[in-house]
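Return atomic coordinates for the entry below.
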Amino acid sequence: MQRLKNKERGQLLLSSSSRNNLHDYIATVLPLLGNLKHIHDIVWSIDIDPTDM
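Numbers count the residues shown, from 1 in each chain. As a prediction, the model looks like this:
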């Protein structure tokens, strides 16, 4: 974990040999992240298909 501006920051990289399977998984998980209402201090920033990786 990295601390920046007094906040912890992390990164999660998801990869798959099948691009379609990965996109299906992301489409399933994204709505679930919005349902985590009990965790108020998390801000999600999602970059799909980053070019700098």
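
what about the chain, any weak spots by pLDDT?
1-2, 37-40, 49-53 (pLDDT under 70).

the strands in it, which residues?
Using DSSP state E, the strands of the chain run over 2-4, 7-9.

Out of those, which one sits most buried?
strand 7-9 (a mean of 10; mean count of other C-beta atoms under 10 Å). The way it works is simple: take the backbone N, C-alpha and C, and place the C-beta from them, glycine included.

packing partners for that strand?
strand 2-4 (3 or more C-beta pairs under 8 Å, 6 or more residues apart in numbering; DSSP states H and E).

mind listing what the residue nearest to the spatial centre of the chain touches?
The centroid of the chain falls nearest to Ile46 when counting by C-alpha atoms, centre = their mean (4.9 Å). By C-beta atoms under 8 Å, 6 or more residues apart in numbering, the residues touching Ile46 are Leu30.

Cheers, nothing more for now.
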